[in-house]
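Visitor: next comes the sequence, and after it the predicted model I'd like to discuss.
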Amino acid sequence: MTREAEVLVLGAGAAGIAAARRLRALGRDCLVLEAGMRAGGRAFTDHSLGAPCDLGASWLHDAGANPLTPLAQALGFTLHDTGRRRRDLLLAAGGRPATAEERAAWEAAVEAFDAAALARARRGGPDIPLSEAVPRGGPWDDTAAHWLSAMISAAEAERISLQDYVATLLDGWNPQVAEGVGTLLLRLAEGLPVVLGAAVGRLRWRRGGILAEGSFGSLRTRAAIITVSTGVLAAGAIAFDPPLPDGLQDAVTGLPLGLLSKVVLRAAGEERLGLGPFARLGRQVEAPGDSPMSWLLWPFGRPYAVGFLGGARAWALSREGPAAAEAEARAELARYFGAAAVARIFAPGAVVTRWGEDPLFRGAYSHALPGCAGARAVLAEAALLGGRLRFAGEACHPRYAGTVGGAWQSGERAARAVHAALG
Ligand SMILES: Cc1cc2nc3c(=O)[nH]c(=O)nc-3n(C[C@H](O)[C@H](O)[C@H](O)COP(=O)(O)OP(=O)(O)OC[C@H]3O[C@@H](n4cnc5c(N)ncnc54)[C@H](O)[C@@H]3O)c2cc1C
């Protein structure tokens with residue numbers, strides 16, 4: 001049987017939820033088709049550790065401008081500012097705590113990285129790789145590059161567009177949500193017409209209307225908002241009939257997903273290494289190819305530690321599987337505390353994220369390739385079928401790309417545009 005809806009929203013992540021809420025507020029009849037068995041997409045709060053743990057998005061970046069901040073507050077969620085102060089980081093160099101001079105050199109290298117990127121971008125010229133604009137050769141330059149590109153941007157600086165990096169630099173305060181960002185999105189999705197387990201495999205778009213087909217059967221609709229990741233689009237998981245115009249397809253391939261993985265280790269008992277809630281660990285890059293994890297320990301005083309691993313090394317471990325990622329995480333922690341302490345303090349096993357291998361996501365969040373700084377605007381502005389077929393999601397946001405707040409805003413924007421196009 002073919003269902004009918006005025007507007008189809010494809011995907012129930014942040015962008016899809018925001019789009020559906022906005023469409024309903026505008027009086028439009030919509031249906032959200034979600035391939036997975038839950039809403040929230042790349043925001044997911046796991047409860048298997050005995051306390052909420054966000055395995056996808058966990059910070060509300062630039063919270064003062066983030067649309068999710070007032071929504072979370074209105075629902076009574078607890079926001080905790082974990083700060084972006086680098087002095088809170090327990091920094092290691094060469095297997096020991098960094099000296100005061102080394103810490104100062106690290107902080108200077110991080111500031112010099114972004115300052116050089118901004119200065120070079122302002123000079124204009126071709127959209128070069130970020131790696132070509134930033135300082136190199138100093139003792140902390142590789143560490144700063146690793147932190148700001150592989151860890152924060154989820155891809156190596158060689159693969160990142162300078163102009164896009166600068167345009168999407170984050171600022172402001174960064175709270176975490178005690179109940180979880182995934183929990184917040186589930187609350188915001190309550191009451192929406194979401195069909196779970198409904199993977200769209202083909203989208204026939206014609207002037208007369210749109211037909212979505214997939215595991216759920218088929219759905220006829222006047223308009224559609226596509227919110228799946230650019231990784232999913234690039235993989236061809238949805239067959240567009242007719243195919244998307246070349247310029248749009250190029251924009252999708254210009255915005256690949258990088259990978260940020262989390263490895264969560266649970267405390268076996270009460271021992272906490274003498275560290276308080278939200279303690280952070282990081283270390284110097286010691287040799288070419290060295291790819292340190294960074295750590296957030298005991299968030300909200302909870303009995304687990306979250307290891308972060310980004311970029312090429314995250315992809316490699318993702319392919320090798322969870323056991324390899326857990327082994328690397330334990331070896332990383334052993335550099336700080338010794339293997340015996342790690343074995344004593346952390347229970348066997350780990351929660352290891354699989355965003356890279358999951359066909360519903362195919363990575364963590366998008367970066368623009370060098371030369372593709374304009375791709376986000378191409379995707380966000382694409383208005384097929386007279387504006388009735390549009391794209392939304394984190395990759396479409398020119399300022400807050402890669403974030404849950406950016407995805408939310410882009411979903412709302414697409415909903416307003418579709419509403420206007422429907423007349
Ligand atoms: C490890 C990690 C850490 C992160 N940390 C942060 C952070 O701290 N702060 C922050 O702001 N952001 C963070 N992000 C990024 C943030 O999670 C994303 O930018 C945001 O959630 C993307 O939302 P979206 O709606 O654009 O896409 P998605 O959440 O990917 O939603 C798209 C939906 O489409 C569904 N779908 C896929 N294929 C189909 C199909 N064929 N048919 C139907 N449905 C389909 C998917 O299942 C998914 O639910 C992080 C992401 C990861 C992975």
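Guide: Sure, I can see it.
Visitor: what's the pLDDT at residue 178?
Guide: pLDDT for residue 178: 98.
Visitor: same thing with residue 65?
Guide: 96.
Visitor: am I right that residue 390 sits in a helix?
Guide: No: going by DSSP: H, G, I helix; E, B strand; the rest coil, the assignment for residue 390 is strand, not a helix.
Visitor: check contacts around the residue with the shortest distance to the centre of the chain.
Guide: The residue lying closest to the centre of the chain (C-alpha atoms, centre = their mean) is residue 365, at 4.0 Å. Residues counted as contacts of residue 365 (C-beta atoms under 8 Å, 6 or more residues apart in numbering) are 42, 154, 257-258, 260, 394-395, 401-403. Backbone N, C-alpha and C define where each C-beta goes, glycine included.
Visitor: quick check, nearest of these to residue 281?
Guide: Using C-beta to C-beta, residue 260 comes nearest to residue 281 of these, at 16.5 Å.
Visitor: among the contacts of residue 365, which two are most distant?
Guide: Counting by C-beta to C-beta, the most remote pair of the contacts of residue 365 is 260 and 395, 15.0 Å apart.
Visitor: could I get the full set of helices for the protein?
Guide: Using DSSP state H, the helices of the chain run over 14-25, 68-74, 100-122, 141-145, 162-167, 181-189, 230-234, 246-253, 312-320, 322-337, 339-345, 375-381, 404-422.
Visitor: domain parsing for this protein?
Guide: By the assignment in automatic domain parsing, the chain contains the domains 2-42+66-73+181-256+360-422, 99-171.
Visitor: I'd say residue 169 and residue 114 touch.
Guide: Yes: contact criterion C-beta atoms under 8 Å: residue 169 and residue 114 qualify, at 6.7 Å.
Visitor: if we can go back for a sec, quick one: the closest residue to the residue nearest to the centre of the chain other than its chain neighbours from residue 186, how far?
Guide: Of all residues not flanking residue 365 in the chain, residue 402 sits nearest, at 3.9 Å (C-beta to C-beta, 6 or more residues apart in numbering). Residue 402 sits 21 Å away from residue 186, going by C-beta to C-beta, to the nearest Å.
Visitor: so which of these two has more stuff around it?
Guide: residue 402 (25 against 19; other C-beta atoms under 10 Å).
Visitor: for the more buried one, give its distance to the ligand.
Guide: 5 Å (C-beta to the nearest ligand atom, to the nearest Å).
Visitor: pull the contacting residues for that residue.
Guide: Residue 402 neighbours (C-beta under 8 Å, 6+ apart): 153-154, 168, 365-367, 394.
Visitor: kindly report the same for residue 133.
Guide: 116-117, 120-121, 162.
Visitor: neighbours around residue 237, how many?
Guide: 17.
Visitor: now the nearest residue to it once chain neighbours are set aside. Its backbone dihedrals?
Guide: Closest residue to residue 237 apart from its sequence neighbours, by C-beta to C-beta, 6+ apart: residue 359 at 6.6 Å. Residue 359 adopts backbone torsions of phi -60, psi -10, taken as degrees, to the nearest 10.
Visitor: neighbours around residue 359, how many?
Guide: A count of nearby residues for residue 359, using other C-beta under 10 Å, gives 11.
Visitor: that one contacts residue 232, doesn't it?
Guide: Yes: contact criterion C-beta under 8 Å: residue 359 and residue 232 qualify, at 7.4 Å.
Visitor: hmm, back to that, what's the per-residue pLDDT of the residue nearest to the centre of the chain here?
Guide: At residue 365, pLDDT is 98.
Visitor: for the stretch 101-250 of the chain, what lies in contact range of the ligand?
Guide: By C-beta under 6 Å from any ligand atom, the residues of the stretch 101-250 of the chain that approach the ligand are 199-200, 227-229, 232, 237-238.
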